[in-house]
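Chemist: A structural model of the following input is requested.
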Amino acid sequence: MPGAIEAVVFDVGKVLVEWERDLPFRHLISDAAERAYFMDTVIPLEWHAQHDAGRNAAEMIAERSAQFPDHAHLIEAWLSHFNETIPGPVPGSATIVEELHARGVPLYAITNFGSDTWAGFAPTWPLRERFIDIVVSGDELLAKPDPAIYALAEARFGRAASTMLFIDDSLPNVVSARASGWHAHHFNGAESLRAELSERGLLG
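Modeler: Presented below is the predicted three-dimensional model:
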């Protein structure tokens, strides 16, 4: 694979940690059909994405609660129970991070994560200490796959895009990164990631 890689840049959700958006609501809403309605109509993924793009959580909750007053307590739970949507690490990924760190590979991250939810999650995630810098979409008011977030990360990290390998589970994010001059790996498990990192000489 052409191009020398000097640094590795990870996505967080579904690459380093699992994310199951409905997990807290499995015990808050016992009826499966009602739960599906809540997830798909009351707080759909498109609504959640507004937070990733920088919208304030309290404002979002107030607005949505006015639209769906019968679900107001559950809409509030979207934020208060957010950490429960992250049940643990993606198998094998933390080991890769630790091995890269031990080999002296500079590590960074770019994540689509709301500012409020990141503030609640980051202190519970010790692996974040392995990263020199983490670009959080909600803090920057930019979200992947917008090419602007890759340009911002390149400037923040002080490295040329062509010297970095970006890892993300979302194909549109990977395509956008490549179009922005980055090397990129479409993540579908630690085994294939390890194989590419080894092929590039970043892991033994």
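Chemist: which pLDDT value belongs to the residue of the chain most remote from its centre?
Modeler: In the chain, counting by Cα atoms, centre = their mean, residue 70 sits farthest out from the average C-alpha position, at 30.5 Å. The model reports residue 70 with a pLDDT of 96.
Chemist: quick one: contacts for it?
Modeler: Contact analysis of residue 70 by Cβ atoms under 8 Å, 6 or more residues apart in numbering lists nothing. Bear in mind the C-beta positions are built from the backbone N, C-alpha and C, glycine included.
Chemist: doesn't it belong to a helix?
Modeler: Yes. Applying DSSP: H, G, I helix; E, B strand; the rest coil, one finds residue 70 inside a helix.
Chemist: and the helix or strand that contains residue 95, what other elements does it pack with?
Modeler: Assigned by DSSP states H and E, residue 95 falls within helix 93-102. Counting contacts by 3 or more Cβ pairs under 8 Å, 6 or more residues apart in numbering; DSSP states H and E, helix 93-102 packs against strand 107-111, helix 190-199.
Chemist: now the ones you listed as TSV including mean neighbour count and mean pLDDT?
Modeler: Shown next, in TSV, are these (neighbours: other Cβ atoms under 10 Å; pLDDT from 0 to 100):
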stretch	mean neighbour count	mean pLDDT
strand 107-111	23	98
helix 190-199	15	96
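Chemist: which among those is found nearest to residue 31?
Modeler: Closest approach to residue 31 among the helices and strands packed on helix 93-102 is made by strand 107-111 (32.7 Å; Cβ to Cβ).
Chemist: which residues does that closest one contact?
Modeler: Applying Cβ under 8 Å, 6+ apart, the external contacts of strand 107-111 come out as 7-13, 16, 97, 100-101, 118, 128, 130-137, 144, 149-150, 153, 157, 164, 166, 168.
Chemist: which among those residues end up buried?
Modeler: Applying 16 or more other Cβ atoms under 10 Å to these, the neighbour count classes 7-13, 16, 97, 100-101, 118, 130-131, 134-137, 144, 149-150, 153, 157, 164, 166, 168 as buried.
Chemist: got the buried residues for stretch 75-91?
Modeler: For stretch 75-91, by 16+ other Cβ under 10 Å, it's 75, 76, 77, 78, 79, 82, 85, 86, 89, 90.
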